[in-house]
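# Fold the following.
(one chain, ligands or ions: 1)
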Amino acid sequence: MKILVTGGLGFIGSHTVVELQNEGFEVVIIDDLSNSSMDVLEGITAITGVKPHFEQLDLKDRSKVEDFFATHKDIAGIIHFAASKAVGESVQNPLKYYENNINTLVYILKELGKLQQQNFIFSSSCTVYGQADELPITENAPVKPAESPYGNTKQIGEEIIRDTCKVNPELKGIALRYFNPIGAHPTAEIGELPKGVPQNLVPFITQTAMGLREQLSVFGDDYPTEDGTCVRDYIHVVDLAKAHVVALQRLLQGKNKSNYEVFNLGTGKGSSVLEAIQSFEKVSGQQLNYKIADRRAGDVIAAYADTDKANDVLGWRTELTLDDAMASAWKWEQKIRRK
Ligand code: NAD
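Now for the predicted structure:
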């Protein structure tokens, strides 16, 4: 069965391609390499022994998207990762984000509507919840006004899919709301490749330990949490990737309860920034140079998932720990810096 993975050379996409190939799916990747590189294709091939079909294509180019689908009418499902994802940049350049994250989604849904099999998985985010009133966060928690244009593209993206599903019963969509994906493949053949200064905690930790960054700043230690630092739900990217395969199989087997569904993907366990640092120090044997700094605007205090729906309805649960994720991220960081 042929599955299209957009953004399949990116961080989460590449790990998902590995899991799809492990399950015997034929994968076609579209990526414009705006935030990835061809080395990732080699990494996927090294892990699975199968080189996926790859097309370098900018999904903002509508006629190219149409041409692609005209020659791939046998696609059985699409997992749509391609998007721009830097929150800070989206504040500076909102139109780049609306164009890339919204236009590409609309073009793909239009083409998907012409296919025999219309199965669609969308990368959404726990940012849609903002600072939730209740923890852990269930899928029924209200969607809060977005803090950034990036966050807004995820909310609008979900609405676009939901509205399209309402008028097209052939279309089956699942939005997956990721909490905080971290880690790398245990083989260290693929992992996260942040460009410039990392925006996320774990690549900042590993780059600091590697000497690429002088010091890590922990933004705020006076939050109303156990140790005063922000709490997040860190999910190993391999567990996250496997959830995509399970969600896709649900659609392919017609097990979905309605033609638009939403699931949280997290571990269900909140970890503070200091706990994440301690985990890294434990598995790496390195002492991390960090300091406590002022709070950072826009950070929510605590967010972790209620995973009951994903566990019970999808039949998926995480298997890997924070320590596993930190160990894999550290192995990956050491590998890429040796190159
Ligand atoms: P990533 O940047 O590593 O991967 C995205 C890939 O899409 C990149 O390889 C990039 O080159 C490609 N791409 C971007 N625009 C494109 C276009 N116009 N045409 C073709 N390819 C294009 O990001 P990721 O961390 O793997 O995230 C994947 C998805 O998950 C994104 O939609 C992101 O918003 C979402 N998400 C990520 C996180 C996270 O923390 N990483 C959290 C929640 C949601």
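
# Get me the contact residues on the stretch 101-250 of the chain for the ligand.
104, 123, 125, 178, 181 (C-beta under 6 Å from any ligand atom). Bear in mind the C-beta positions are built from the backbone N, C-alpha and C, glycine included.

# could you redo the last one with a cut-off of 5 Å?
Within the stretch 101-250 of the chain, the residues that sit near the ligand (C-beta under 5 Å from any ligand atom) are 123, 125, 178, 181.

# Narrow these to those in strands?
123, 125, 178, 181 (DSSP state E).

# now the residues you listed as CSV including pLDDT?
Formatted as CSV, those follow (pLDDT from 0 to 100):
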residue, pLDDT
123, 98
125, 98
178, 98
181, 98
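
# ok, and the most crowded of the residues you listed?
When these are compared by neighbour count (other C-beta atoms under 10 Å), residue 123 ends up highest, at 27 neighbours.

# give me the number of residues near the nearest residue to that one once chain neighbours are set aside?
Leaving aside its sequence neighbours, residue 123 sits nearest to residue 81 (C-beta to C-beta, 6 or more residues apart in numbering; 5.1 Å). Residues lying near residue 81 (other C-beta under 10 Å) number 24.

# residues in contact with residue 81?
Residues in contact with residue 81, defined by C-beta atoms under 8 Å, 6 or more residues apart in numbering, are 5-8, 10, 12-13, 16, 123.

# Do a quick rundown of the helices in the protein.
For the chain, helices defined by DSSP state H occupy the ranges 11-22, 39-48, 62-70, 87-92, 94-98, 104-112, 149-167, 201-210, 237-252, 273-284, 308-309, 322-338.

# Nearest to residue 140, out of the ones you listed?
Closest to residue 140 of the helices of the chain is helix 308-309 (C-beta to C-beta; 9.2 Å).

# So which residues make contact with the closest one?
With C-beta under 8 Å, 6+ apart as the test, helix 308-309 has contacts from 138-139, 263-264.

# before we move on, what about stretch 100-110?
By C-beta under 8 Å, 6+ apart, stretch 100-110 touches 6, 59-60, 62, 65-66, 78, 80, 82-84, 120, 122, 150, 153-154, 156-157, 160-161, 164, 171.

# Pull the number of nearby residues for whichever residue of the chain sits closest to the ligand.
Closest to the ligand within the chain is residue 10: 1.9 Å, counting by C-beta to the nearest ligand atom. If you count neighbours by other C-beta under 10 Å, residue 10 ends up with 26.

# Tell me if I'm right that it and residue 36 touch.
Yes. Between residue 10 and residue 36 there is a contact under C-beta atoms under 8 Å: 5.1 Å.

# in stretch 75-93, what's buried?
Neighbour-count burial for stretch 75-93 flags 75-87, 89-90 (criterion: 16 or more other C-beta atoms under 10 Å).

# Would you report which members of those residues are assigned to strands?
If you go by DSSP E, these have 75-80 in strands.

# In CSV, list those residues along with pLDDT and distance to residue 22.
Output for these, formatted as CSV (pLDDT from 0 to 100; distance: C-beta to C-beta, whole Å):
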residue, pLDDT, distance to residue 22
75, 98, 20
76, 98, 17
77, 98, 16
78, 98, 19
79, 99, 15
80, 99, 21
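
# which helices and strands sit right next to the helix-or-strand element of the chain with minimal mean pLDDT?
Across the helices and strands of the chain, the lowest-confidence element by mean pLDDT, DSSP states H and E is helix 87-92, at a mean of 93. Here helix 87-92 touches helix 94-98, helix 149-167, going by 3 or more C-beta pairs under 8 Å, 6 or more residues apart in numbering; DSSP states H and E.

# For the shortest one, which outside residues touch it?
Residues outside helix 94-98 that contact it (C-beta under 8 Å, 6+ apart) are 84, 89-90, 149-150, 153.

# Residue 128 is in contact with residue 178, correct?
No. Using C-beta under 8 Å, residue 178 is not in contact with residue 128, being 10.6 Å away.

# Next up, the contacts around residue 209.
Contacts of residue 209 (C-beta under 8 Å, 6+ apart): 280, 284, 286, 288, 330, 333.
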